[in-house]
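Engineer: With the input below, show me the fold.
(chains A and B)
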Amino acid sequence: MKYEAGGDLDFQLSKMLNGGLELGENVQGTFLEIELDFGEQQVQHNLGYTPSGFVLVMKQGQGDVWAAKVSDWNSQSLWLESNVKNLKVRLFVM
Amino acid sequence: MPRPDNVDSVGKLYRHVASPVSIQPDQSGVISSPHLLGGMVRGVPRDQLSAASGEVVRNTRIREGELRRRPGTSIFGGTKPNSEPILGLVMFVNESGDIWLCRITQNSFYVANPALEGWTSFEIIDENDEPGSFPPNARFSYSQFFDSLYMADGVNRIWEINFGHHKVRELKEAPRASFIMTFAERIVAAHIDQFVGGVRPSSVHWPINADPRDWTGLGSGQEDLAMQDIGDAIAGLVPLENDALIIRRNSVWIMNRQPFEAPIFRFRQFMHGIGCDLPYSITRVPGGVIFADQKTRDVYFFSTSQGPQRLASTINEDLYRDIEKLEFAQGEYDPFEGEYHLSVVFGEDEDYLTRTWVLNLSTRSWSYDDSPEISTLGVVSLPGAAVAIDDLVGTIDAQMVTIDEYGDPIAVTPNLFKGTEEGEVLRQSYDADHDWDGTEFEGEFQSQNLGSLTNKRSFKDLTLRVIAPSDGDVTLQEKGDGGDWRFTKTTALSAQSHIQNVRIPKKGQTGNDLYWRVRATAPGLRMLSYWVRVVEKSRQR
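Structural biologist: Below you'll find the predicted structure:
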């Protein structure tokens, strides 16, 4: 949950620190939900900065995904590689 | 022998006895208050009371720092189209800036618009393309999407009102729901009647993005929150900026939009132990939401940044005494005056809303109206004198639309509308001196107990300072020790722009418990301040 300035600090801290922190709201980064082809591919993240990595949140199917061409990552896109085709994944890029 | 310090200029000896009572005379023996803005306060210990509050505050409003007799009511819209009880009054503003006032009864849907004369009837068509109707004594939940208004009545499928075609159509594809809201570019529905399978009071359904007719395609879905807490029925939905609140009988939940197609929404419990069992009291206000809960006997302001704040501690016993038909009670917010109105069915064997409690959100003070009897509240504005509201922050209606979104300023005059059980649409404003049926209602303020714990006292020279915008009567009275109201003094005021004094001069009521009250039928009477000189009698043994 988001912190709202001007509100009750104790109340909000209690809510946030007891199971209220969220990847999408309180941690810098973005979710990506994509379907990967076999091999290397460029994926847009549009974070505005070069990400340091990602967390695999969900993978639908057999196969694996990993970082590729890390030196070519930039503020708008990154490279991933998959060993299968049509692999649906949900990543948190940060 | 020098004069003792505790003797005033007329030689009276004042016993400065330490007392736990908070309302005390000053050194010259006068109890006074520079205003009457404390609202109605009962059931609070006498060491915590203010002289500006009253045991009874009735048919009044706070305006510009003064307590005033409330506005009167008058008929709106000319000849009424029928005499059915009005169940819904709602304003709709389309993308062109046209403003429509919708008048809803069980068997009719009429609309008033400045471009049309009088009331225009809209055809009601049910899911079988037959003439339709609404449930008797229904309450409605509204949602605006694109250029249409949507309505849920808890029995039928969601209705779509098309203002271009003048039709109210039950959507075949939509669920039967009690509550709807606009959130995440779609209508979200809750408290679902599945027809086959029964009512699911904790269930939430939603269609695909931007299409209220497709409730099964990609992006649609449903969630039954009963898995987490059976019996905690949903009482209402409130969209905020990025989240939405689901207010249930015993808890408050938050609904977030996620950046995925499935599941597009996430639900989590935000607070338990406080909920709402007067579903149509739930009203969005600046910064949060207000709702009433009979189970915990209070009215709450709730925001995600502050949690619940109790608003009705000073009047909760009076608010919840003898009220019936909790599902018919209704709350609305008047954004122009900053007031929350809560209308309830008060009194045994009553069917309609006989009492309206009004909370001024600036002063957090309450009063109540005991007239007129109504069947519904509506908070609307119609084009009139040029008061541009394009820079207004907040929503005009709890579940409808943000006026700021529209490009050109909409010239509106603030009005509070109400509907009656005989089909009249009433407008409440200071243009009307009394109520629409001729009732010269009384605006009343009754003081707190101004007596002493240890001594008998006498009132002497009660003075109420007023401004009377119109001719009318003001009556002052006093009583003591459980007796009748006495020392009645009625003053016929003439309209004047300067302050006038209304008085009970010389010696008045004597007793341990002392009260005074004012009852006024003078239109728009402004009650500014009061003072009363008290004389201490012998100490009680």
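Engineer: Please enumerate the helices of chain A.
Structural biologist: In chain A, the helices defined using DSSP state H lie at A:9-17, A:23-26.
Engineer: Show me what counts as buried in the first one.
Structural biologist: Judged by neighbour count (16 or more other C-beta atoms under 10 Å in any protein chain shown), helix A:9-17 contains these buried residues: A:11-12, A:15-16. Using the backbone N, CA and C atoms, a C-beta is placed for each residue, glycine as well.
Engineer: rank the helices of chain A by mean pLDDT and give me the bottom one.
Structural biologist: Ranked by mean pLDDT, the helices of chain A bottom out at helix A:23-26, with a mean of 86.
Engineer: Closest to residue B:501 out of the buried residues of helix A:9-17?
Structural biologist: Lowest distance from residue B:501 to the buried residues of helix A:9-17 (C-beta to C-beta) belongs to residue A:11, with 48.2 Å.
Engineer: The stretch 201-350 of chain B: helices as residue ranges?
Structural biologist: Listed in chain order, the helices of the stretch 201-350 of chain B (DSSP state H, counting those that start in this stretch) span B:316-320.
Engineer: returning to what we had before: within reach of chain B, which of the buried residues of helix A:9-17 are there?
Structural biologist: Applying C-beta under 8 Å from any C-beta of the partner chain, the subset of the buried residues of helix A:9-17 adjacent to chain B comprises A:11-12, A:15.
Engineer: Next, count neighbours for the closest residue to residue B:230 other than its chain neighbours.
Structural biologist: Taking C-beta to C-beta, 6 or more residues apart in numbering or on different chains, and ignoring the residues beside it in sequence, residue B:230 has residue B:202 as its nearest neighbour in space, at 7.7 Å. Using other C-beta atoms under 10 Å in any protein chain shown, residue B:202 is surrounded by 24 other residues.
Engineer: ok, residue B:202 - contacts?
Structural biologist: The neighbourhood of residue B:202, defined by C-beta atoms under 8 Å, 6 or more residues apart in numbering or on different chains, consists of B:191, B:224-226, B:229-230, B:232-234, B:248.
Engineer: got it, and residue A:38?
Structural biologist: Residues in contact with residue A:38 (C-beta under 8 Å, 6+ apart) are A:82-85.
Engineer: now with 6 Å?
Structural biologist: Residue A:38 is in contact with residue A:85, counting by C-beta atoms under 6 Å, 6 or more residues apart in numbering or on different chains.
Engineer: Kindly report the same for residue B:220.
Structural biologist: B:207-208.
Engineer: and it, what pLDDT?
Structural biologist: Predicted confidence (pLDDT) for residue B:220: 91.
Engineer: how close does it sit to chain A?
Structural biologist: Per C-beta to the nearest C-beta, to the nearest Å, residue B:220 is found 17 Å from chain A.
Engineer: again with residue B:458
Structural biologist: Taken as C-beta to the nearest C-beta, the span from residue B:458 to chain A is 48 Å.
Engineer: Would you check that that residue makes contact with residue B:510?
Structural biologist: Yes. Counting by C-beta atoms under 6 Å, residue B:458 touches residue B:510, with 4.3 Å between them.
Engineer: For chain A, give me its nearest residue in the stretch 101-250 of chain B.
Structural biologist: residue B:242 (7.3 Å; C-beta to the nearest C-beta).
Engineer: Near that residue, how many other residues are there?
Structural biologist: 12.
Engineer: Please apply the same query to residue A:66.
Structural biologist: 10.
Engineer: Report the central residue of the chain.
Structural biologist: Just going to use chain A. In chain A, the residue lying closest to the centroid (C-alpha atoms, centre = their mean) is residue A:92, at 1.4 Å.
Engineer: my question was about chain B
Structural biologist: Short answer for chain B (C-alpha atoms, centre = their mean): residue B:341, at 0.4 Å.
Engineer: give the contact list for that one.
Structural biologist: B:332, B:356, B:358, B:377.
Engineer: mind running it again at 8 Å?
Structural biologist: Contact analysis of residue B:341 by C-beta under 8 Å, 6+ apart lists B:331-334, B:356-359, B:377, B:379, B:416.
Engineer: So what's the predicted local confidence for residue 18?
Structural biologist: Since no chain was named, I'll use chain A. 89.
Engineer: Can you look at chain B instead?
Structural biologist: For residue B:18, pLDDT reads 50.
Engineer: What's opposite the residue nearest to the centre of chain A in the beta bridge?
Structural biologist: Assessed by DSSP bridges, residue A:92 has beta-bridge partners residue A:31, residue A:55.
Engineer: Distance of it relative to chain B?
Structural biologist: As judged by C-beta to the nearest C-beta, residue A:92 and chain B stand 10 Å apart.
Engineer: Hmm, that residue is touching residue A:53, no?
Structural biologist: No. Applying C-beta atoms under 8 Å, one finds residue A:92 not in contact with residue A:53, separated by 9.6 Å.
Engineer: looking at this, residue B:128 is in a strand?
Structural biologist: No. Assigned with DSSP: H, G, I helix; E, B strand; the rest coil, residue B:128 falls outside any strand and is coil.
Engineer: ok, residue B:493 touching residue B:467?
Structural biologist: No. Using C-beta under 8 Å, residue B:493 is not in contact with residue B:467, being 9.3 Å away.
Engineer: Residues in contact with both of those two, list them for me.
Structural biologist: Listed as contacting both residue B:493 and residue B:467 by C-beta under 8 Å, 6+ apart are B:500, B:525.
Engineer: any idea of the pLDDT on the residue nearest to residue B:230?
Structural biologist: For residue B:202, pLDDT reads 91.
Engineer: now the one 5 residues further on
Structural biologist: Confidence per residue is given as pLDDT, and for residue B:207 that number is 95.
Engineer: For chain B, what's the nearest residue on chain A?
Structural biologist: For chain A, the residue closest to chain B is residue A:7, as judged by C-beta to the nearest C-beta, at 2.7 Å.
Engineer: hang on, the earlier thing: how much space between the residue nearest to the centre of chain B and residue B:255?
Structural biologist: 27 Å (C-beta to C-beta, to the nearest Å).
Engineer: what's the answer for residue B:262, then?
Structural biologist: Counting by C-beta to C-beta - residue B:262 and residue B:255 are separated by 15 Å.
Engineer: Tell me which of the two has more neighbours.
Structural biologist: residue B:255 (26 against 10).
Engineer: and that one, what are its bridge partners?
Structural biologist: When assigned by DSSP bridges, residue B:255 has beta-bridge partners residue B:244, residue B:267.
Engineer: Is it in contact with residue B:206, as I believe?
Structural biologist: No. Look at residue B:255 against residue B:206 with C-beta under 8 Å: they stay out of range, at 9.7 Å.
Engineer: Overlap of the contact sets of those two?
Structural biologist: By the contact definition C-beta under 8 Å, 6+ apart, residue B:255 and residue B:206 are jointly contacted by B:188, B:265.
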